[in-house]
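[1] below: sequence and its predicted model.
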Number of protein chains: 2
Amino acid sequence: MRVLVSLWFILICLPASAEPLLVDKQHFTLESFTTFSGQTIKNVQVGWESYGKLNDDKNNVILVTHYFSGNSHAAGKYHPDDEEPGYWDAIIGPGKAIDTNKYYVLSVDTLVNLNVHHPKVITTGPATINPDTGKPYGLDFPVVTIRDFVNVQKALLDSLGIAKLHAVIGPSMGSLQALDWATAYPERVERMISVIGMGETDAWSMNRLEHWANPIRLDPNWNNGDYYAKVPPKEGLHDALTLITQDALHPQFINAMLPQHFPIEESPLAHINNKHSSVKAFEALSAKRVNTADANHLLYLVKASQLFVAGFDKPLEQAMQTVQAKALFLPAANDLILPPYLANEAHQALLNAGKSSDYEELSGDMGHLNGIRYVQQAGERIASFLAEPVNH
Amino acid sequence: MRVLVSLWFILICLPASAEPLLVDKQHFTLESFTTFSGQTIKNVQVGWESYGKLNDDKNNVILVTHYFSGNSHAAGKYHPDDEEPGYWDAIIGPGKAIDTNKYYVLSVDTLVNLNVHHPKVITTGPATINPDTGKPYGLDFPVVTIRDFVNVQKALLDSLGIAKLHAVIGPSMGSLQALDWATAYPERVERMISVIGMGETDAWSMNRLEHWANPIRLDPNWNNGDYYAKVPPKEGLHDALTLITQDALHPQFINAMLPQHFPIEESPLAHINNKHSSVKAFEALSAKRVNTADANHLLYLVKASQLFVAGFDKPLEQAMQTVQAKALFLPAANDLILPPYLANEAHQALLNAGKSSDYEELSGDMGHLNGIRYVQQAGERIASFLAEPVNH
């Protein structure tokens, strides 16, 4: 059970460290935002955090982009008595790999953030009140893309007078944003680090993502996205979160964490509806997460991930030709949801285009989550990559 | 599209060969059957097929046990104009690896067979009429186990006067039956071949299987299993079959089969409910299978697989000590649903118990389905294993 509690922390927030930074969630508003698909969203609100200090030249900025179920709480604590700091606290802070004594580190909640009901998440999506109707958007919210997440971040940086990024780095869905930054705004990005990432969805990953959406659509309470004044589709959301959690982990970790199979349990033998204790323990992890997550937001994040190809307007091989940043790819060797071949395709496309790109696989028993929980193994590599000079 | 049609054949039936055997589905009835959990089922009916001839000593019998979504149609055709022969026709037939000039090969439809509505499947399960009520059992049908599948096969063999198996061989869920045969009835099994198999479910595979059941339970038409006089839960069943198909395949195969991602499609950009063509093409494969499958039967197959540990009454390491058969394990190297470590655990447990066991990994781009579609690569290995003498 202790292991289960520990996974719970891993999934929600993260690794312990001594005396973390104290941080505040900040608030950014855009009166009007035009999406990649040409739709207008009024009054866009997102939360953001920063660690370290912006220098006078405003050229010490590192943007950290978050993963599918994450938010901008990448490091530090809100209060000294918080149980856990931000998810990448192991590598972000004074004297750490992303050294806040040198760098001004910024992180932004994405649009359609999964945990819209978490008190520390500020986002705009289908659960948001549509100012034109006074009711939640539901499925009237436009489809958004990874490029839209990037463009909201760019608007925030513009408002702060930041023209250039020393680096952009992110894990998983954050890596999609990082690579799209380097492709969409090549003159603004000096270094790009993709952790457990990819350059574009392929047919396999696109279909894999679809399974994450299906349980929500099956739940009768989903009601085609119109449930905000009614009972939300908690069962569908729960099953989706459980599947996502399993996809993000490796058998080795799950088997170390959960009750073993033998002896055969009487209860599931006695009736088809009775579940094994191993299944109940695993599902309990998602039960806690259902309360802060929103089912429609999950559908929009799935769609944003499915639509992804870095650069968006040309095939990956061509898009990589526009990149000016030095690149580093850090996939996890035993990742079962974004297997290393996906990062390697983008890495090879950069090399084929004559760009500077490095590639190294992370180890650990967690599969995909090695890139969150065990990222510290790459701390020195990240620090030296950030210190390398680039051509200006 | 040709590739898609081809996958459809692969999933349902299988590999082409010249002049296959002509076979009939036969019918076996048990007036009463007592399950592993102690429940009684009246009037059990299952289908079976045989290839080759039983010799006078009745000692040339090879039992072939089928996979999760399969049935006893392992080889041959019912009619010369059938589009495809049985799923392992590549290795079962005259002069083939499992040579029907030498062996009498038997295969039996399992209880709770998935495709109960297929005209060539004969099975007993929740969709069967309960003779006590005159209505389908639904969830009143008792939970059944891999041992129950084995015991129905044993009853058929007993009725034919067959005391001993030259070998038992099966892929995937069929491998569970094969290993349980060797453990439950060691004196009756001379050789055991596990293809893409395992010795017991672990916490990871048990939870993976649960995701196959979840979409059915979410579908409001499932109605706690009571839908036979109403609208069946086709959407939940469809989503379950789609997930199973993806789990059974490797990204390399899926990416070769399905439409590529780029250019970005207008339709999924335009509305959250619009699907990518790649997703629609993949889901179309399941749409065809929904009509012959039954949602409750799928739940019972999931449960039978989750409850599996070879031998059932002791830990795997101890159970392997009872085995007398020579063993051969043929997992697929890139299997994502029963990764090779699962077969290797059983193989190592046999070696630790001082038993004869061999292990070799299958190759191919299909992942788990390498053990169905590309089993011919192991043909010589299987033939020589079947020809090896055993201690009597």
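    Everything's here; your move. Remember, predicted model here, so these are calculated numbers, not experimental data. Numbering: from 1, shown residues only, chains lettered A, B, ... in the order given.

[2] any idea how far the most centrally placed residue in chain A is from residue A:173?
    Closest to where the C-alpha atoms of chain A average out (Cα atoms, centre = their mean) is residue A:67, at 0.8 Å. Applying Cβ to Cβ, to the nearest Å, the value for residue A:67 to residue A:173 is 5 Å. Heads up, the C-betas are built off the backbone N, CA and C, glycines and all.

[3] same question, residue A:226
    From residue A:226 across to residue A:173, the span is 26 Å (Cβ to Cβ).

[4] tell me which element the residue nearest to residue A:187 when sequence neighbours are not counted is part of?
    Excluding the flanking residues, the one nearest residue A:187 by Cβ to Cβ, 6 or more residues apart in numbering or on different chains is residue A:324, at 6.4 Å. Secondary structure from DSSP states H and E places residue A:324 outside every helix and strand.

[5] pLDDT of the longest helix seen in chain A, averaged?
    Using DSSP state H to define each element, chain A has its longest helix at helix A:203-218. For helix A:203-218, the mean pLDDT works out to 98.

[6] after that helix comes which helix or strand?
    Downstream of helix A:203-218 (by DSSP H and E), the next one is helix A:234-247.

[7] buried set for the top strand by length along chain A?
    Longest strand in chain A by number of residues (criterion: DSSP state E): strand A:40-51. By 16 or more other Cβ atoms under 10 Å in any protein chain shown, the buried positions in strand A:40-51 come out as A:41, A:44, A:46-51.

[8] tabulate the CA atom coordinates of that strand in PDB.
    Taking C-alpha atoms only, strand A:40-51 is exported to PDB below (Å, rounded to 0.1, in the frame of the first residue of the first chain):
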ATOM      1  CA  THR A  40     -11.700  32.900 -32.200                       C
ATOM      2  CA  ILE A  41     -11.700  32.400 -28.500                       C
ATOM      3  CA  LYS A  42     -12.500  35.400 -26.300                       C
ATOM      4  CA  ASN A  43     -11.000  36.100 -22.900                       C
ATOM      5  CA  VAL A  44      -8.400  33.200 -22.800                       C
ATOM      6  CA  GLN A  45      -7.000  32.700 -19.400                       C
ATOM      7  CA  VAL A  46      -4.100  30.500 -18.400                       C
ATOM      8  CA  GLY A  47      -2.000  30.100 -15.300                       C
ATOM      9  CA  TRP A  48       1.800  30.200 -15.300                       C
ATOM     10  CA  GLU A  49       4.800  29.900 -13.000                       C
ATOM     11  CA  SER A  50       8.400  31.100 -13.000                       C
ATOM     12  CA  TYR A  51      11.500  30.100 -11.200                       C
END
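
[9] re the thing from before, so how far is the longest helix of chain A from its chain's centroid?
    17 Å (Cα atoms, centre = their mean, to the nearest Å).

[10] one more: stretch A:208-221?
    Computed by Cα atoms, centre = their mean, the chain-centroid distance of stretch A:208-221 equals 20 Å.

[11] still on that earlier bit, can you name every helix or strand that the longest strand of chain A contacts?
    strand A:26-34, strand A:104-108, helix A:146-159 (3 or more Cβ pairs under 8 Å, 6 or more residues apart in numbering or on different chains; DSSP states H and E).

[12] can I get the helix or strand just after that strand in CSV, CA atoms only?
    Downstream of strand A:40-51, the first helix or strand assigned by DSSP H and E is strand A:61-64. Extracted in CSV, the C-alpha atoms of strand A:61-64 (Å, rounded to 0.1, in the frame of the first residue of the first chain):
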residue,chain,number,x,y,z
VAL,A,61,14.8,32.3,-20.5
ILE,A,62,14.0,28.6,-20.4
LEU,A,63,10.4,27.6,-21.2
VAL,A,64,9.2,24.3,-19.7
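
[13] list the pairing partners of the helix or strand following strand A:61-64 within its sheet, with orientation.
    Counting by DSSP H and E, the element after strand A:61-64 in chain order, helix or strand, is strand A:92-93. Its sheet considered, strand A:92-93 pairs with strand A:98-99 (parallel) by DSSP bridges.

[14] what's next to the strand it pairs with, contact-wise?
    A:52, A:62, A:64, A:88, A:91-93, A:105, A:169, A:382-383, A:386 (Cβ atoms under 8 Å, 6 or more residues apart in numbering or on different chains).

[15] again, only this time at 7 Å
    Under the contact criterion Cβ atoms under 7 Å, 6 or more residues apart in numbering or on different chains, strand A:98-99 has outside partners A:62, A:91-92, A:105, A:382, A:386.

[16] show me the shaky parts of chain A.
    Where chain A drops to pLDDT under 70, the residues are A:1-20, A:392.

[17] point out the residues in the stretch 51-200 of chain A that sit beside chain B.
    Within the stretch 51-200 of chain A, the positions near chain B by Cβ under 7 Å from any Cβ of the partner chain are A:139, A:143, A:200.

[18] if you count what's nearby, which of residue A:226 and residue A:173 comes out ahead?
    residue A:173 (26 against 15; other Cβ atoms under 10 Å in any protein chain shown).

[19] residue A:43 touches residue A:132, doesn't it?
    No: using Cβ atoms under 7 Å, residue A:43 makes no contact with residue A:132, being 10.3 Å away.

[20] distance check, residue A:391 against residue B:278.
    In terms of Cβ to Cβ, residue A:391 sits 39 Å off from residue B:278.

[21] so which of the two has more stuff around it?
    Neighbours around residue A:391 and residue B:278, counted as other Cβ under 10 Å, are more numerous at residue B:278. The numbers are 24 against 7.

[22] what does residue A:370 show for phi and psi?
    When read as degrees, to the nearest 10, the backbone of residue A:370 gives phi -50, psi -30.

[23] from chain B, how far off is it?
    Computed as Cβ to the nearest Cβ, to the nearest Å, the residue A:370 to chain B distance reads 16 Å.

[24] how about residue A:149?
    For residue A:149, the distance to chain B - Cβ to the nearest Cβ - is 15 Å.

[25] ok, now which ones touch that residue?
    Neighbour list for residue A:149: A:110-111, A:177 [criterion: Cβ under 7 Å, 6+ apart].

[26] over to residue A:65?
    Residues near residue A:65 by Cβ under 7 Å, 6+ apart: A:168, A:170, A:174, A:177-178.

[27] show me the contacts for the residue nearest to residue A:361 when sequence neighbours are not counted.
    Spatial nearest neighbour of residue A:361, chain neighbours left out: residue A:333 (4.2 Å); criterion: Cβ to Cβ, 6+ apart. Applying Cβ under 7 Å, 6+ apart to residue A:333 gives the contacts A:340, A:361-363.

[28] do residue A:67 as well
    With contact set as Cβ under 7 Å, 6+ apart, residue A:67 has these partners: A:171-174, A:372.

[29] let's go with 8 Å and repeat that
    Counted by Cβ under 8 Å, 6+ apart, residue A:67 has contacts A:87, A:170-174, A:372.

[30] now it. Nearest residue, chain neighbours left out?
    residue A:172 (3.9 Å).

[31] give me the neighbour count for that neighbour.
    Residues lying near residue A:172 (other Cβ under 10 Å) number 28.

[32] what of the one 5 residues further on?
    Residue A:177 has 31 neighbouring residues, counting by other Cβ under 10 Å.

[33] wasn't it part of a helix?
    Yes: the assignment for residue A:177 (DSSP: H, G, I helix; E, B strand; the rest coil) places it in a helix.

[34] now do the phi/psi pair for the residue nearest to the centre of chain A.
    For residue A:67, the backbone dihedrals (degrees, to the nearest 10) come out as phi -80, psi 180.
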